[in-house]
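Asks: Sequence plus predicted model, see below.
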Amino acid sequence: MTRFKKRLLLTLFAAVGSFVLATLLLALAGLRDDIGKTDVALVLGSKVEPSGKPSARLQARLDETVKLYMAGWFPWVIASGGLGKEGYDEAVVMRDYLAAHGVPQDRILLDSQGNTTFESAQNTLQILREKRLKSVFVISQYFHIPRSRLALKRSGIEEIRSASPGYFELRDLYSAPRELLGYFSYLLRSFDKK
């Protein structure tokens with residue numbers, strides 16, 4: 001093997017190793033819950049099944065939100081999601097699920113324009129300003145927490161807490177590495193603090 005090929009191979013192994021290590025660090029950061037009192041929770045949307053019920057992943061987020069709400073960590077919940085390809089408004093499905101499981105409907109704020117984490121963060125900032133609130137408790141999958149926190153911080157929200165449900169699926173093997181790319185794209189993205 002030539003010296004050039006050895007260097008190329010070493011560089012490739014180093015790049016792959018760095019990517020895997022960074023993905024693991026990101027996942028570990030998301031697994032570490034940061035529990036504390038806040039003004040509002042932001043639960044981020046995910047797939048709604050063709051039947052109109054939350055997917056298992058979304059239900060896990062909603063169950064975690066109910067648990068934390070009942071424990072008194074926040075008095076308000078923002079259900080943030082968009083219109084999924086199945087034809088359902090994720091935020092409405094989330095609100096209905098939360099209300100059916102004990103969160104008073106008048107304590108649930110809807111963000112039906114939360115099609116992306118970026119949009120959810122920007123919309124949350126507007127809701128906080130309208131309601132004169134300051135702190136947010138974000139709830140999503142563990143691998144999504146670091147980017148969610150980054151989006152909220154870059155939008156201008158300073159006090160952020162977070163938690164993820166104890167829900168894992170095979171899809172995480174794809175989602176966690178993809179999330180690393182999303183995290184770095186948010187580091188480079190311009191955020192409007194309006």
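Replies: Here it is on my side, so go on.
Asks: Going by C-alpha atoms from here, please, whenever you check contacts or count neighbours.
Replies: Fine.
Asks: which residues of the chain fall in helices?
Replies: Here the chain has its helices, by DSSP state H, at 3-31, 56-70, 90-100, 117-131, 145-155, 172-188.
Asks: List just the one of those that sits closest to Leu42.
Replies: Closest approach to Leu42 among the helices of the chain (CA to CA): helix 117-131, 7.6 Å.
Asks: list the helices and strands that closest one packs on?
Replies: Judged by 3 or more CA pairs under 8 Å, 6 or more residues apart in numbering; DSSP states H and E, the packing partners of helix 117-131 are strand 40-44, helix 145-155.
Asks: Show me what the longest one is in contact with.
Replies: The set of residues external to helix 145-155 that reach it, using CA atoms under 8 Å, 6 or more residues apart in numbering, is 26, 29-30, 117-118, 121-122, 125, 138-139, 158, 160, 162-164, 179, 182-183, 186-187, 191-193.
Asks: among the residues you listed, which ones are buried?
Replies: 26, 30, 117-118, 121-122, 125, 138-139, 160, 162-164, 179, 183, 186, 191 (16 or more other CA atoms under 10 Å).
Asks: quick one: low-confidence parts of this protein?
Replies: Residues of the chain meeting the criterion pLDDT under 70: 1, 19, 28, 191-194.
Asks: quick one: contacts for the residue nearest the centre of it?
Replies: For the chain, the residue sitting closest to the mean C-alpha position, by CA atoms, centre = their mean, is Ser140 at 4.0 Å. Listed by CA under 8 Å, 6+ apart, the contact partners of Ser140 are Val43, Leu44, Arg61, Ala163, Ser164, Pro165.
Asks: got the phi/psi numbers for Arg189?
Replies: phi -80, psi 150 (degrees, to the nearest 10).
Asks: do the same with Gly156
Replies: Main-chain torsions, Gly156, degrees, to the nearest 10: phi 110, psi 10.
Asks: correct me, but it touches Leu125?
Replies: Yes: counting by CA atoms under 8 Å, Leu125 is a contact partner of Gly156 at 7.3 Å.
Asks: From Leu44, how far out is the closest residue to Glu119 other than its chain neighbours?
Replies: Ranked by CA to CA, 6 or more residues apart in numbering and with sequence neighbours excluded, the top spatial neighbour of Glu119 is Gln113, at 7.1 Å. According to CA to CA, to the nearest Å, Gln113 and Leu44 sit 11 Å apart.
Asks: Counting neighbours, go ahead and name the busier of those two.
Replies: Neighbour totals were compared for Gln113 and Leu44, and Leu44 leads with 29 against 16 (other CA atoms under 10 Å).
Asks: What's the separation between the more buried one and Leu109?
Replies: With CA to CA as the criterion, Leu44 and Leu109 are 12 Å apart.
Asks: which neighbours do the two share?
Replies: By the contact definition CA under 8 Å, 6+ apart, Leu44 and Leu109 are jointly contacted by Ala79.
Asks: No further queries at this time; thank you.
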